[in-house]
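J.: Below: sequence and its predicted model.
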Amino acid sequence: MELPLSSKQIESCIYCPNPPDGREHWLNRGLGTFHGNTFLTGRICTPCNVDFGGTIDLELLRSGHTGMTRQVLGIAGRSGHEKKNVFEYKASQLEPPVQVFHQDSGDWRPAFEQAIAKNPDGTLRAIQSRALTVATAQGKQTMPFPTGWGEKQLRAAAAARGLLGGTLESAHVPPPETVEEFVAASRDILRAVFGPFEMDVYRSRLDGEVGPIEPTLVRFNLSPAFFRAVAKVGFHYFLWACPQIGGDEPEFSAIKSFVRNGVGEPSAFINVVDSQVDRIPAEEGPGNDCQRSVSTLTSLHRFISFLRRLALRFQRLSSDSASAPNRWRGSGGAFTWLRTRPISPVMTDS
């Protein structure tokens, strides 16, 4: 038996008992605008759509390779949504979603740095992130100090790193924040956590001289919410491409439980393959780094193309043989980029 080509009507949201009155961008609007990216309708309710948009969808846009790529390329999301720096997202964690490493004496060590723009030769320009250097009996250690952190967040992050009781040595302030603004916003918070201090404050200049190429490793620590968001994109694209399938069929129970409530292992729905993309030497021509840095978007396009082919095959299947399009082989792991670090030291009494 072949499935009818007309759209299947369902009475309830595929995730809850509410009516399916929502209009959802099956491919997140925060990834940009795409020709043909119409709404998924008649499958999900407005409350579930809003909940996904404020939880797992944000994790996809603000972390991992998708978050970093869209920030470096300047891909804007919806107007009115709070913008987040992916290099500072959940920075209080010892292993935040995006980690940067530099090589030091053969070892890869954490570096608090963020990519901000592309250079004319296709490499990526980077500056040091907003950070503090704290001295303890075990030595000096740098920790993140993102804009907007209060005493509670700073204290928790310092405690997790064993830095409470240490002495503040220096701070770095990335543009557009000025040293004066940093001091005014942070003085009381720093004193509350570390006690009285004097330290140097450094600030990067965007017009500073570009430094030499330095291999940099970026590690993506992907959360369960990130995987749930990827699975949702695939599942909802399938429902959009195959309107004769409602999503309420029992075959989709497992992937719906994973997307909605995180039930199950990500490996049951998504095939994650670690990979490393090495930058091409600049002498081999301009633009190569840029092409490599957007490899994740190419992988996303391949992912969508795979799902499209899968959806076309499903149009010839009967409803009792349908199953979820929940396997994805995409990019992941880590890759390298170019960095520059023009810093203008400014002494301030704090």
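T.: In hand now; what should we look at?

J.: Where does pLDDT dip in the stretch 201-350 of the chain?
T.: Applying pLDDT under 70 to the stretch 201-350 of the chain flags the ranges 207-211, 272-350.

J.: could you redo the last one with a cut-off of 50?
T.: 276-350 (pLDDT under 50).

J.: the helices in this structure, which residues?
T.: Using DSSP state H, the helices of the chain run over 46-53, 56-62, 64-72, 151-160, 179-194, 224-241, 253-261, 288-293, 295-314.

J.: if we look at the fifth one, which residues are touching it?
T.: Think helix 179-194. 132, 134, 145, 147, 149-151, 154-155, 158, 164, 166-168, 171, 173, 197, 201, 203, 346, 348, 350 (Cβ atoms under 8 Å, 6 or more residues apart in numbering). Where C-beta positions appear, they are placed from N, C-alpha and C, glycine not excepted.

J.: Export the helices of the chain as TSV, with columns for distance to Ile116 and mean neighbour count.
T.: Output for the helices of the chain, formatted as TSV (distance: least, Cβ to Cβ, whole Å; neighbours: other Cβ atoms under 10 Å):
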stretch	distance to Ile116	mean neighbour count
helix 46-53	27	17
helix 56-62	17	24
helix 64-72	8	24
helix 151-160	23	17
helix 179-194	18	16
helix 224-241	23	22
helix 253-261	34	18
helix 288-293	13	19
helix 295-314	18	16
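
J.: between the ones you listed, which one is nearest to Leu40?
T.: Distance to Leu40, taken as Cβ to Cβ, is lowest for helix 224-241 among those, at 4.5 Å.

J.: The closest residue to Ile127 other than its chain neighbours: neighbour count?
T.: Distance criterion Cβ to Cβ, 6 or more residues apart in numbering; nearest residue to Ile127, sequence neighbours excluded, is Ser204 at 4.3 Å. Residues lying near Ser204 (other Cβ atoms under 10 Å) number 19.

J.: thought Ser204 was touching Ser129?
T.: No. The pair Ser204 / Ser129 is not scored as a contact, 9.6 Å apart, by Cβ atoms under 8 Å.

J.: Look up the residues that both of these two are in contact with.
T.: Shared contacts of Ser204 and Ser129, counting by Cβ under 8 Å, 6+ apart, come down to His172, Pro174.

J.: of the helices of the chain, which approaches Asn85 most closely?
T.: Of the helices of the chain, nearest to Asn85 by Cβ to Cβ is helix 64-72, at 7.3 Å.

J.: before we move on, back to that, make TSV out of the helices of the chain and add distance to Phe101.
T.: Formatted as TSV, the helices of the chain follow (distance: least, Cβ to Cβ, whole Å):
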stretch	distance to Phe101
helix 46-53	32
helix 56-62	20
helix 64-72	14
helix 151-160	19
helix 179-194	26
helix 224-241	20
helix 253-261	31
helix 288-293	16
helix 295-314	18
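
J.: coming back round to it: partners of the residue nearest to Ile127 in the sheet?
T.: With DSSP bridges as the criterion, Ser204 is bridged to Ile343.

J.: Look up how far Lys84 lies from it.
T.: Distance, Ser204 to Lys84, by Cβ to Cβ, to the nearest Å: 20 Å.

J.: on that earlier part again, which among the contacts of helix 179-194 end up buried?
T.: Neighbour-count burial (16 or more other Cβ atoms under 10 Å) is assigned, among these, to 132, 134, 145, 149, 154-155, 158, 166, 168, 171, 173, 201, 203, 350.

J.: which pair in these spans the largest distance?
T.: Pairwise across the buried ones among the contacts of helix 179-194, and taking Cβ to Cβ, the largest span is found between Arg155 and Arg203, at 24.7 Å.

J.: Return the residues in contact with the most centrally placed residue in the chain.
T.: Geometric centre of the chain, nearest residue: Ser63, 1.6 Å, by Cα atoms, centre = their mean. By Cβ under 8 Å, 6+ apart, the residues touching Ser63 are Val86, Tyr89, Lys90, Pro97, Val98, Phe220, Leu222, Ser223, Phe226.

J.: switch to 10 Å and redo it
T.: 84, 86, 89-90, 96-98, 220-223, 225-226, 229 (Cβ atoms under 10 Å, 6 or more residues apart in numbering).

J.: Farthest-apart pair in the residues you listed, please.
T.: Among the contacts of Ser63, Pro96 and Ala229 lie farthest apart (Cβ to Cβ), at 17.3 Å.

J.: that older thread, and the residue nearest to Ile127, how far is that from Gln138?
T.: Relative to Gln138, and taking Cβ to Cβ, Ser204 is found at 28 Å.

J.: and if you look at Gly32?
T.: From Gly32 across to Gln138, the span is 45 Å (Cβ to Cβ).

J.: can you map out the strands along the stretch 1-150 of the chain?
T.: Applying DSSP state E, counting those that start in this stretch to the stretch 1-150 of the chain gives strands spanning 23-25, 39-41, 98-104, 107-110, 113-118, 124-128, 131-136, 139-144.

J.: Make JSON lines out of the buried ones among the contacts of helix 179-194 and add distance to Ala111.
T.: Shown next, in JSON lines, are the buried ones among the contacts of helix 179-194 (distance: Cβ to Cβ, whole Å):
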{"residue": "Leu132", "distance to Ala111": "14"}
{"residue": "Val134", "distance to Ala111": "16"}
{"residue": "Phe145", "distance to Ala111": "15"}
{"residue": "Trp149", "distance to Ala111": "19"}
{"residue": "Leu154", "distance to Ala111": "20"}
{"residue": "Arg155", "distance to Ala111": "24"}
{"residue": "Ala158", "distance to Ala111": "19"}
{"residue": "Gly166", "distance to Ala111": "20"}
{"residue": "Leu168", "distance to Ala111": "20"}
{"residue": "Ala171", "distance to Ala111": "16"}
{"residue": "Val173", "distance to Ala111": "17"}
{"residue": "Val201", "distance to Ala111": "19"}
{"residue": "Arg203", "distance to Ala111": "18"}
{"residue": "Ser350", "distance to Ala111": "24"}
